[in-house]
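Novice: okay, here's the prediction I keep looking at, along with the sequence it came from:
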Amino acid sequence: MSRPSHGTLHHVELWVPDLHRALASLGWLLEALGYTLYQSWDGGRSWQLGPTYLVIEQSPALTAEEHDRCRPGLNHLAFHVEDAAMVEKLVADAARHGWHLMFPERHPYAGGGQHYAAYLENDDGFEVELVAINSPEQN
């Protein structure tokens, strides 16, 4: 692992209402993006890419049974994806892993004509944005 730079994100911890559903959707996506399993315990897992890791945990301390991305707090996670073709491959595979495409009428430019991305939401209401690093502009 390379030494992190000052200010680099160390980790993100997501508390989920159902670990098995989260592993099927978020776990699949993290591995498809190149993250590797880092830690595993009864109530959760973590995946690492470079110096940053992401934790998915079904904590007994949860105070609600569902995530609402429109409440104060985390709205979504955005990930760099190699190119537009990989964004589309992930979108095509995502439905088999508990994700659905948000804003399908504006896909893949829901974020604007110079921003090639897919916005996905899983069955627990978590949103991810997959942003093409090499982004073709909308004509």
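Specialist: Yep, that arrived.

Novice: quick one, helices of the protein?
Specialist: Along the chain, counting by DSSP state H, helices occupy 19-22, 28-32, 84-94.

Novice: can you give me the offset of the last one from its chain's centre?
Specialist: If you compare the mean C-alpha spot of helix 84-94 with that of the full chain, they lie 13 Å apart, counting by Cα atoms, centre = their mean, to the nearest Å.

Novice: pull out the buried positions in it.
Specialist: Judged by neighbour count (16 or more other Cβ atoms under 10 Å), helix 84-94 contains these buried residues: 84, 86-88, 90-91, 94. All C-beta spots, glycine's among them, are computed from the backbone N, C-alpha and C.

Novice: by contact count, what packs against that helix?
Specialist: Counting contacts by 3 or more Cβ pairs under 8 Å, 6 or more residues apart in numbering; DSSP states H and E, helix 84-94 packs against helix 28-32, strand 99-101, strand 117-122, strand 127-134.

Novice: and of the ones you listed, who's closest to residue 61?
Specialist: Between residue 61 and the helices and strands packed on helix 84-94, the shortest gap by Cβ to Cβ is with strand 117-122, which sits at 21.7 Å.
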